[in-house]
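A.B. asks: I'll drop the sequence and a predicted model, then ask my questions.
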Amino acid sequence: MEKADKLSKFISLVLRHNPAAAHVTLDEHGWADVEALLAGIRSTGRQIDMDTLEEIVAADNKQRYSFNHDKTLIRANQGHSVAVDVELKEQEPPEFLYHGTASRFLDSIGREGLKPMSRLYVHLSKDTETARTVGKRHGSPVILKVHSREMYRDGCRFYLSENGVWLTKKVEVKYFERI
Ligand code: HQG
């Protein structure tokens with residue numbers, strides 16, 4: 001793994017799951033102070049400066065992070081397990097969205113529906129290709145087609161993150177099928 005990739009993974013861990021790993025705190029909207037983050041990351045023995053951080057944010061293939069307007073604060077756009085409110089925009093979803101998972105989870109998903117597990121939301125993709133990539137991370141990939149518009153009509157809320165990931169709290173069994 002490239003050095004920048006490793007740093008990016010660590011930043012993702014800090015900004016989504018474990019801010020204490022870099023001795024920082026997140027505010028209620030998920031923001032960390034950039035100077036504190038850089039100092040905190042350096043205190044773990046890793047090398048980073050503002051230029052490197054800006055490169056990581058700009059180059060990220062999923063646009064995982066955002067700075068505020070003057071780049072004094074940074075946050076992850078989605079994917080958190082810590083309870084923060086990243087001011088997600090509620091939106092009407094397309095007719096269908098997709099969820100990539102692994103075959104070994106299917107029994108449980110078939111009983112319980114899709115749950116956020118360790119994150120705050122169930123993550124959904126707008127295309128099957130992305131869903132397959134997400135599913136592969138966990139094992140043999142399986143794609144579920146989610147009847148998102150029907151859920152929306154039934155009162156379920158959907159959010160679109162800054163980086164284009166669709167999020168919802170739960171997907172009941174009646175709203176998806178394997179494709
Ligand atoms: C599964 C990555 C058993 C669920 C990706 C998934 C995504 C259940 C796993 C983002 C279940 C959780 C999120 C149930 C759901 N029983 N298993 N009832 N309900 N599951 O990693 O969606 O690279 O927390 O299907 O691209 O895989 O990190 O969620 O397989 O956008 O930016 O439990 O993370 O983005 O796994 O991935 P995860 P995910 P980043």
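C.D. replies: Good, I have the coordinates.
A.B. asks: against the ligand, how distant is the residue nearest in space to the middle of the chain?
C.D. replies: Most central in the chain under C-alpha atoms, centre = their mean is Gly79, positioned 2.4 Å from the mean C-alpha point. Counting by C-beta to the nearest ligand atom, to the nearest Å, the separation of Gly79 from the ligand is 5 Å. All C-beta spots, glycine's among them, are computed from the backbone N, C-alpha and C.
A.B. asks: wasn't Leu13 part of a strand?
C.D. replies: No. Leu13 is assigned helix when assessed by DSSP: H, G, I helix; E, B strand; the rest coil, not a strand.
A.B. asks: and the pLDDT for the residue lying closest to it once chain neighbours are set aside?
C.D. replies: Leaving aside its sequence neighbours, Leu13 sits nearest to Ala21 (C-beta to C-beta, 6 or more residues apart in numbering; 6.1 Å). We have a pLDDT of 98 for Ala21.
A.B. asks: can you classify Ala177 by secondary structure?
C.D. replies: For the record, residue 177 is Glu, not Ala. Looking at Glu177 with three-state DSSP, the answer is strand.
A.B. asks: give me the number of residues near it?
C.D. replies: Look at Glu177: counted by other C-beta atoms under 10 Å, it has 11 neighbours.
A.B. asks: was I right about it contacting Glu150?
C.D. replies: No. At 12.0 Å, Glu177 does not count as touching Glu150 under the criterion of C-beta atoms under 8 Å.
A.B. asks: and the strands in the protein?
C.D. replies: Counting by DSSP state E, the chain has strands at residues 32-33, 65-67, 73-76, 89-90, 97-102, 122-124, 141-146, 159-160, 166-168, 176-178.
A.B. asks: so what's the closest residue to Val86 other than its chain neighbours up against?
C.D. replies: Leaving aside its sequence neighbours, Val86 sits nearest to Gly30 (C-beta to C-beta, 6+ apart; 4.6 Å). Contact partners of Gly30, counting by C-beta atoms under 8 Å, 6 or more residues apart in numbering, are 15, 75-76, 80, 84-86.
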